[in-house]
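Participant: structural data only, the sequence is not supplied:
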């Protein structure tokens, strides 16, 4: 039988999946165009299930800018955005990319510019999230998985995930966790900031200070327009946007990465 998601399959080979989703189909097509080759049925299924799962959880619309830095056959395919703007690649090469575990930095020259300004990631200063999934963690401390720091405005705008692991979210407020592989993210909802790292969540109360027009970087922090605190983890996913349920996002990303590894 002919499936719009999987091509020509016999009934016995059709995976158990959610119905094909238009956003997932468009992303898959764009990745395949960048790769110059089709993706495996299991990879397509994993992507489709991730998108439909995020929609059923009510978190899809909170994602303004995102890349799945895994699954694609090539680095070019991995840099196709799932949502929003495509990142600008600074010095990553094909050898830095692994289909199962993502893209690895080098702590000196390699980083991604998401091309997503921090101040347009959501409709309100009270709503913002920043998240990455690390499959191999940074060995050093006080470097940056991603974020922005803008001292040109007052109060200073600061949204970042640091590798020790600490967080900031549109101003004051930080949490510190054990540095483990997994999802690391921060989500602001009004004066409440939730931090999540490797399966643990912590909340604080802190009013937002300011937001920056600078774009958010990954594998580094955009500090007043310059990449600094560059790090060398392996990252397989990132997301920027409005207030989000970090535990739900964590669960969906974990399931996605497990399914991709099984399919490749």
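Facilitator: Yep, it's here. Just so we're clear, the structure is a prediction, and the values are computed from it rather than from any experiment. Residues are numbered from 1 along each chain as shown.
Participant: could I get the average pLDDT for the helix or strand hosting residue 112?
Facilitator: Residue 112 belongs to strand 111-117 when assigned by DSSP states H and E. Strand 111-117 carries an average pLDDT of 98.
Participant: pretty sure residue 44 is touching residue 29, no?
Facilitator: No: between residue 44 and residue 29 there is no contact under Cβ atoms under 8 Å: 10.2 Å. (Glycine included, C-beta is placed from N, CA and C.)
Participant: looking at the two, which is more packed in?
Facilitator: Set residue 44 next to residue 29 and count neighbours by other Cβ atoms under 10 Å: residue 44 wins out with 26 against 13.
Participant: now for the particular helix or strand that has that one in it, which elements pack on it?
Facilitator: For residue 44, the element it lies in under DSSP H and E is helix 41-57. Under the contact definition 3 or more Cβ pairs under 8 Å, 6 or more residues apart in numbering; DSSP states H and E, helix 41-57 sits against helix 22-35, strand 63-68, helix 246-263.
Participant: for the second one, name the packing helices and strands.
Facilitator: The elements that strand 63-68 packs onto, with contact taken as 3+ Cβ pairs under 8 Å, 6+ apart, are helix 41-57, strand 111-117, strand 234-241.
Participant: what are the buried residues along the first one?
Facilitator: This means helix 41-57. Buried residues in helix 41-57, counted by 16 or more other Cβ atoms under 10 Å: 41-54, 57.
Participant: how many degrees apart are it and strand 63-68 in direction?
Facilitator: Interaxial angle, helix 41-57 versus strand 63-68 (axes from the mean of the first three to the mean of the last three Cα atoms, to 10 degrees): 160 degrees.
Participant: the inter-axis angle of the helix holding residue 44 versus helix 22-35?
Facilitator: Between the axis of helix 41-57 and that of helix 22-35 there is an angle of 140 degrees, by the same axes, to 10 degrees.
Participant: contact partners for residue 191?
Facilitator: Residues in contact with residue 191 (Cβ atoms under 8 Å, 6 or more residues apart in numbering) are 126, 205, 206, 207, 208.
Participant: quick one: the last one and residue 118, what's the gap?
Facilitator: In this case it means residue 208. 12 Å (Cβ to Cβ, to the nearest Å).
Participant: that older thread, columns mean pLDDT and distance to residue 94 on top of the helices and strands packed on helix 41-57, output as CSV?
Facilitator: Shown next, in CSV, are these (pLDDT from 0 to 100; distance: least, Cβ to Cβ, whole Å):
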stretch, mean pLDDT, distance to residue 94
helix 22-35, 98, 12
strand 63-68, 98, 16
helix 246-263, 98, 18
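Participant: these: which one's closest to residue 193?
Facilitator: For residue 193, the closest of those is helix 246-263, at 10.6 Å, according to Cβ to Cβ.
Participant: for this structure, longest strand please?
Facilitator: The longest strand of the chain (DSSP state E) is strand 127-136.
Participant: buried ones among the contacts of residue 191?
Facilitator: So, by 16+ other Cβ under 10 Å, the buried ones in these are 126, 206, 208.
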